[in-house]
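Asker: Got a predicted model here, sequence first, then my questions.
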Amino acid sequence: MEKGDAVTALAVGQRVACRIPHASHFVVEADRCLPLPDAITEVEASVYRLVSIALQGVRKAQIQLGWEAAVVGLGPIGNLAGQLVRAAGATHVEGIDPVGWRRELALHCGFDTVAASNEQSSRPAGFEAVIEATGVPEAVPAAFKLAKPLGQVVLLASTRGETDGVNFYRDVHKKGLTVIGAHESIRPAVDDHLFYRSHRSDDETSLKLMAGSRIQIDPLVSDVVPAAEAARAYERLAKREEQLMLMVFKWR
């Protein structure tokens, strides 16, 4: 809407994306703004930070061409992680979630197979990479069991609480697993280092993947609501009575 006299890289009226709290208006440093590619709609752009969060976890898994991977938990982050795993070169991506409509949505977004539980997995021998995206402590031992010997287990969700029932000798040590804590905050401040990328780097990559239709965003947006109805939107999400993934606030 406006810019300072010293800002030369951006123009008034230009669409940008930036990491800020929910708000109708915000004053932000110009170097924190990312120009939006023309191919991205404003609704799609509102999801770019979730893409970036999922991306940093997938990067840390160091997916190799030909790998088979599983994603445990098919909420927004899990769904995006599975799409990014495929974009990174995995040739088989399985989603595991007890909720039927989330499994169907994952198939629509490009997952190869889905299962309601570990026991129903199509790969009883395991996966080279397993991404835990539920945030539920009880799901961590299940992720360990899904991984092949010498496999990678990425804890992408913000798992809280204590996890019981892990036999570390059997489930981790003897299998030679690599367990990776992939919290969003574990990033270099400025310069990229191998598969550890800065916020800006992953944000830019996320926008490029979205603009190139390498990942699907529209199927994940369940509703667009006026910002004045924010309280009601959170209430709808909390009740879990509807098939809701993401809700977008429309400020104008």
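Answerer: Cool, got the structure. Residues are numbered from 1 along each chain as shown.

Asker: packing partners for the longest strand along the chain?
Answerer: Scanning the chain for the strand with the most residues, using DSSP state E, yields strand 147-155. When contacts are defined as 3 or more CB pairs under 8 Å, 6 or more residues apart in numbering; DSSP states H and E, strand 147-155 sits against helix 48-61, strand 127-132, helix 139-146, strand 178-181. Where C-beta positions appear, they are placed from N, C-alpha and C, glycine not excepted.

Asker: Just the CA atoms of the second one, as CSV, please.
Answerer: In CSV, the C-alpha atoms belonging to strand 127-132 read as follows (Å, rounded to 0.1, in the frame of the first residue of the first chain):
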residue,chain,number,x,y,z
PHE,A,127,10.4,-47.4,4.5
GLU,A,128,13.8,-45.6,4.0
ALA,A,129,12.2,-42.4,5.4
VAL,A,130,9.4,-42.0,7.8
ILE,A,131,8.0,-38.5,8.6
GLU,A,132,6.0,-38.2,11.9
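
Asker: Check which residues of that strand are buried.
Answerer: Neighbour-count burial for strand 127-132 flags 127-132 (criterion: 16 or more other CB atoms under 10 Å).

Asker: Can you tell me which helices and strands it packs against?
Answerer: helix 48-61, strand 68-72, helix 76-87, helix 139-146, strand 147-155.

Asker: hang on, Ala9 packs against Glu29?
Answerer: No: Ala9 lies out of contact with Glu29 (CB atoms under 8 Å); the separation is 11.6 Å.

Asker: Show me the residue sitting in the middle of the chain in space.
Answerer: What sits nearest the mean C-alpha location of the chain, by CA atoms, centre = their mean, is Ala54, with 2.7 Å.

Asker: show me the contacts for it.
Answerer: Contact analysis of Ala54 by CB atoms under 8 Å, 6 or more residues apart in numbering lists 77, 80-81, 84, 156.
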